[in-house]
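**Q** Sequence and predicted structure below; questions after.
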Amino acid sequence: MEQNQNIKKEEKKKIMDSEKNPCNICIWADNKICEDCSINKKLQCHLDLKYSAMFGGTFFIFFIPAIIGIFKLGVESLLFYLGLVSWIVYLVIFFLIWEPQMLCSHCPYYAEGGTKILHCYANGGFIRTASFKPHPMNKSEQIQFIFGVLLIGVIPYVFLIIGQQFLLLGISALGFVIWLIVLKTQICTVCINFSCPFNSVPKDIVDEFLKKNPIMRDAWEKSGYKIE
């Protein structure tokens with residue numbers, strides 16, 4: 001019996017250790033390791049396109065009316081160019097530079113080895129512009145993230161208000177609220193980026209995940225987190 005348990009431990013170690021999994025994070029191990037996992041299917045541990053559809057689909061409910069409103073300002077209008085360029089530049093900076101540093105780099109999805117491309121439900125396909133940080137986000141990063149998300153909506157709305165595109169502004173604002181609600185109720189409840197300020201995974205499940213991933217557990221405990 002004891003010999004079988006030792007063999008099983010060796011098999012798990014071999015599954016966990018690979019070029020694809022330099023930080024020994026269980027989500028990048030072979031799926032065989034999930035078979036006897038106590039929190040299997042309680043977290044979004046592996047890429048599931050239904051979460052990508054929820055994230056992206058609801059984002060476009062907000063995005064499309066806003067972009068239509070900016071175009072209705074007229075291509076001959078300075079407001080059009082200021083609104084369009086400033087928003088596109090901000091979205092590129094936010095999703096490719098700022099967000100990875102303050103949020104994404106703390107997520108186990110960022111721990112994948114052997115690739116520069118991110119494979120996750122939200123920003124999948126983007127180039128990784130930061131290194132994996134096993135410790136949780138600090139307060140400054142959490143505040144920056146909330147501010148950064150709100151700024152996604154504020155920038156186009158400033159130009160829509162000046163251009164008096166109030167109907168499209170209202171539709172877009174409603175879409176922005178729907179996007180946040182879907183995130184909070186459908187995605188954040190199973191997201192493995194546990195230190196995100198929007199995350200709402202129960203603590204007992206967070207604890208179990210950290211117990212299975214020693215590098216993350218050590219970093220979290222050094223940051224003051226208590227596992228029960």
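**A** Thanks, I have the structure now.
**Q** Tell me how far the residue lying closest to residue 168 once chain neighbours are set aside lies from residue 79.
**A** What sits nearest to residue 168 in space, not counting adjacent residues and going by C-beta to C-beta, 6 or more residues apart in numbering, is residue 69, at 3.6 Å. Bear in mind the C-beta positions are built from the backbone N, C-alpha and C, glycine included. Distance check for residue 69 against residue 79: by C-beta to C-beta, to the nearest Å, it reads 11 Å.
**Q** again, but for residue 218
**A** Taken as C-beta to C-beta, the spacing of residue 218 relative to residue 79 amounts to 52 Å.
**Q** Also residue 168?
**A** Between residue 168 and residue 79 the computed distance is 14 Å (C-beta to C-beta).
**Q** quick one, which of these two is more surrounded?
**A** More neighbours surround residue 168 than the other of residue 168 and residue 79, with 20 against 15 (other C-beta atoms under 10 Å).
**Q** Now name the helix or strand holding that one.
**A** When elements are assigned from DSSP states H and E, residue 168 belongs to helix 166-182.
**Q** now that helix, how far from the chain's geometric center?
**A** 20 Å (C-alpha atoms, centre = their mean, to the nearest Å).
**Q** ok, now stretch 162-177?
**A** How far stretch 162-177 lies from its chain's middle: 25 Å, per C-alpha atoms, centre = their mean.
**Q** those helices in this protein, which residues are they?
**A** Using DSSP state H, the helices assigned to the chain run over residues 2-16, 49-71, 78-93, 99-102, 139-162, 166-182, 203-211, 214-222.
**Q** Quick check: neighbours shared by residue 69 and residue 79?
**A** Between them, residue 69 and residue 79 share the neighbouring residues 159, 163, with contact defined by C-beta atoms under 8 Å, 6 or more residues apart in numbering.
**Q** before we move on, the earlier item: which of the helices of the chain sits most buried?
**A** Across these, averaging neighbours per residue (mean count of other C-beta atoms under 10 Å) puts helix 99-102 on top, at a mean of 20.
**Q** what's it in contact with?
**A** Counting by C-beta under 8 Å, 6+ apart, helix 99-102 makes contact with 110, 123, 126, 128-130, 137, 141, 144-145, 148, all of which sit outside it.
**Q** Against residue 71, how distant is residue 87?
**A** Between residue 87 and residue 71 the computed distance is 12 Å (C-beta to C-beta).
**Q** How about residue 88?
**A** Spatial separation of residue 88 from residue 71 under the definition C-beta to C-beta is 13 Å.
**Q** cool, residue 25 as well?
**A** 43 Å.
**Q** Residue 183 too?
**A** Here the distance between residue 183 and residue 71 works out to 27 Å (C-beta to C-beta).
**Q** Over to residue 95?
**A** Where residue 71 is concerned, residue 95 sits at a distance of 21 Å (C-beta to C-beta).
**Q** How about residue 173?
**A** According to C-beta to C-beta, residue 173 stands 18 Å off from residue 71.
**Q** Same question for residue 208.
**A** If you go by C-beta to C-beta, the gap between residue 208 and residue 71 works out to 49 Å.
**Q** for the chain, which spans come out with low pLDDT?
**A** Scanning the chain for pLDDT under 70 picks out 1-18.
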